[in-house]
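Peer 1: coordinates only, no sequence provided:
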């Protein structure tokens with residue numbers, strides 16, 4: 001009965017329910033079926049209690065609502081361990097299929113195809129207090145233990161190019177240096193005040209003007225900061241779209257080893273939906 005009700009949802013309700021369009025869901029199902037057909041060892045064992053369509057819906061429901069495995073299991077009439085295995089397997093197969101992957105940091109240096117303008121920002125996801133090395137995860141900005149996610153987007157298309165992850169205590173600029181990312185000299189970079197000093201690594205960079213000690217910013221400097229913030233607002237919208245999935249926006253309860261994989265999958269799914277006819281992303285161009 002539950003699956004029959006889902007099938008009757010209109011496109012807008014389906015998007016609200018699972019966080020993705022129905023076309024994206026169908027593409028995920030097709031990718032899993034093709035992957036399992038090629039890798040026949042994935043089909044060994046007893047017949048699964050839920051078919052591929054329902055397994056993908058379970059995974060989307062877990063990302064979107066981030067309920068416990070137990071609560072999702074009671075909704076679908078299976079065991080808690082079954083839901084855990086389904087989510088892990090679907091995540092791994094989607095990533096291994098290559099259908100949902102980010103361009104990667106190499107795309108920043110690919111000759112004439114490199115983006116003209118990139119925007120980089122760091123967002124934080126709260127986590128439960130670690131049992132060991134708590135200070136490494138404590139964010140002074142959020143006043144709690146967090147994991148940091150660095151996103152780099154193409155300003156013109158809104159596509160997420162690459163990501164990098166670190167612990168909450170790591171400064172944004174230190175996280176950038178640890179990522180080993182390099183930009184093409186002709187690519188313009190727009191950053192916030194957390195990347196002061198990035199001009200030493202990428203000369204074609206723009207960061208806000210800091211207010212001098214015991215001084216004030218000039219009117220021209222204030223206008224510059226205002227224009228820069230307006231150009232950078234696109235990446236804040238992307239952070240909001242990713243955090244529609246509560247596994248990324250709410251407190252992360254799982255083991256941290258799969259955090260990067262899940263964030264990359266959500267970012268790849270977001271990129272995929274940009275390519276759909278209904279997906280339109282409008283951002284102001286730099287002047």
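Peer 2: Arrived safely. On a predicted model such as this, the values are computed, not experimentally measured, just so you know.

Peer 1: beta partners of the closest residue to residue 198 other than its chain neighbours?
Peer 2: Excluding the flanking residues, the one nearest residue 198 by C-beta to C-beta, 6 or more residues apart in numbering is residue 205, at 5.0 Å. Quick note: C-beta positions are derived from backbone N, CA and C, even for glycine. Under DSSP bridges, the beta-bridge partners of residue 205 are residue 189.

Peer 1: hang on, residue 205 packs against residue 189?
Peer 2: Yes. The pair formed by residue 205 and residue 189 meets the contact definition of C-beta atoms under 8 Å, at 4.4 Å.

Peer 1: list residues touching both of these two?
Peer 2: Common contacts of residue 205 and residue 189, defined by C-beta atoms under 8 Å, 6 or more residues apart in numbering, comprise residue 198.

Peer 1: between these two, which one's more packed in?
Peer 2: residue 189 (24 against 19; other C-beta atoms under 10 Å).

Peer 1: pLDDT score for the more buried one?
Peer 2: pLDDT for residue 189: 94.

Peer 1: what sits against it?
Peer 2: Counting by C-beta under 8 Å, 6+ apart, residue 189 touches 117-120, 183, 198, 202, 204-206.

Peer 1: out of those residues, which end up buried?
Peer 2: 117-120, 183, 198, 202, 205-206 (16 or more other C-beta atoms under 10 Å).

Peer 1: show me where the stretch 51-200 of the chain has helices.
Peer 2: Using DSSP state H, counting those that start in this stretch, the helices of the stretch 51-200 of the chain run over 52-65, 69-76, 80-97, 172-179.

Peer 1: packing partners for the last one?
Peer 2: So that's helix 172-179. With contacts taken as 3 or more C-beta pairs under 8 Å, 6 or more residues apart in numbering; DSSP states H and E, helix 172-179 sits against strand 117-126, strand 144-154, strand 160-167.

Peer 1: thinking again about what came up before, which residues touch the residue nearest to residue 198?
Peer 2: Contact analysis of residue 205 by C-beta under 8 Å, 6+ apart lists 188-191, 195, 198-199.

Peer 1: ok, back up a step: adding distance to residue 231, write the helices of the stretch 51-200 of the chain out as CSV.
Peer 2: Formatted as CSV, the helices of the stretch 51-200 of the chain follow (distance: least, C-beta to C-beta, whole Å):
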stretch, distance to residue 231
helix 52-65, 30
helix 69-76, 41
helix 80-97, 32
helix 172-179, 18
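
Peer 1: could I get these as a markdown table with mean pLDDT and distance to residue 29?
Peer 2: Converted to a markdown table, the helices of the stretch 51-200 of the chain look like this (pLDDT from 0 to 100; distance: least, C-beta to C-beta, whole Å):
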| stretch | mean pLDDT | distance to residue 29 |
| --- | --- | --- |
| helix 52-65 | 95 | 5 |
| helix 69-76 | 94 | 16 |
| helix 80-97 | 94 | 10 |
| helix 172-179 | 94 | 33 |
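
Peer 1: how close does residue 222 get to residue 236?
Peer 2: To residue 236, residue 222 is 20 Å away according to C-beta to C-beta, to the nearest Å.

Peer 1: oops, could you answer that again for residue 179 instead?
Peer 2: Residue 179 is 20 Å from residue 236, by C-beta to C-beta.

Peer 1: those two: which has the busier surroundings?
Peer 2: Set residue 179 next to residue 236 and count neighbours by other C-beta under 10 Å: residue 179 wins out with 17 against 14.

Peer 1: so what's the residue count around the closest residue to the more buried one other than its chain neighbours?
Peer 2: Residue nearest to residue 179 in three dimensions, not counting chain neighbours: residue 164, with 3.8 Å by C-beta to C-beta, 6+ apart. Residues within reach of residue 164, counting by other C-beta under 10 Å, total 19.

Peer 1: list the buried residues for the helix or strand containing residue 265?
Peer 2: Element membership of residue 265 [criterion: DSSP states H and E] is helix 259-274. Neighbour-count burial for helix 259-274, counted by 16+ other C-beta under 10 Å, picks out 259, 262-273.
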